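J.: Based on what follows, work out the 3D shape:
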Amino acid sequence: MYFTLVGEIHSIEIIAKGRGIRRLSELKARYGNGNWRKLKGIAWVELSKGDRREAEIHWYEAHGIGRKGLKIKRLLG
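T.: Numbers count the residues shown, from 1 in each chain. As a prediction, this is how the structure comes out:
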């Protein structure tokens, strides 16, 4: 599902970090070594059809590398 973030992500929580991330070897191979964490948060998104909805977003992040692999886990409301 294609989407763009509208505004800031809030209520951010760490789901997993380091060796607790299942895709850690893939992240390191693609983006490089770093202190990888998997996070989740709530944000307003604009879907490809133009609808704006609040959604739970999951992504991976490492210091100096940034956010990678943003995806909508579920739409809220």
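J.: what's the single longest strand in the protein?
T.: Ranked by number of residues, the top strand in the chain under DSSP state E is strand 3-17.
J.: burial measure for G7, as a count.
T.: 9 (other Cβ atoms under 10 Å). Yep, even glycine has a C-beta here, placed from its N, CA and C like the rest.
J.: who's in contact with the spatially closest residue to it that is not a sequence neighbour?
T.: In this structure, G7 finds its nearest non-sequential neighbour in W44, 5.2 Å apart by Cβ to Cβ, 6 or more residues apart in numbering. Each residue near W44 by Cβ atoms under 8 Å, 6 or more residues apart in numbering is listed here: 5-7, 52-55.
J.: May I have whichever strand or helix holds W44 exported as CSV, CA atoms only?
T.: Under the criterion DSSP states H and E, the helix or strand holding W44 is strand 37-47. Only the C-alpha atoms of strand 37-47 are listed here, as CSV (Å, rounded to 0.1, in the frame of the first residue of the first chain):
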residue,chain,number,x,y,z
ARG,A,37,15.9,-0.8,16.3
LYS,A,38,12.4,-1.7,15.2
LEU,A,39,9.9,0.9,16.2
LYS,A,40,6.2,1.6,16.0
GLY,A,41,4.1,4.8,16.3
ILE,A,42,0.9,6.5,15.3
ALA,A,43,0.7,9.0,12.4
TRP,A,44,-1.7,10.5,9.9
VAL,A,45,-1.1,9.1,6.4
GLU,A,46,-2.4,10.0,3.0
LEU,A,47,-3.2,6.9,1.0
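J.: who does it pair up with?
T.: When sheet partners are counted by DSSP bridges, strand 37-47 sits next to strand 3-17 (antiparallel), strand 52-62 (antiparallel).
J.: Work out the gap between it and the centre of the chain.
T.: Offset of strand 37-47 from its chain centre (Cα atoms, centre = their mean, to the nearest Å): 6 Å.
J.: Stretch 3-14 too?
T.: Distance, centroid of stretch 3-14 to centroid of chain: 8 Å (Cα atoms, centre = their mean).
J.: what's in contact with it?
T.: Contacts for stretch 3-14 (Cβ under 8 Å, 6+ apart): 37-48, 52, 55, 57, 70, 72.
J.: Only the buried subset of the residues you listed, as a ChimeraX command please.
T.: Buried residues among those (16 or more other Cβ atoms under 10 Å), as a ChimeraX selection:
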select :37,38,39,43,44,45,55,57,70,72
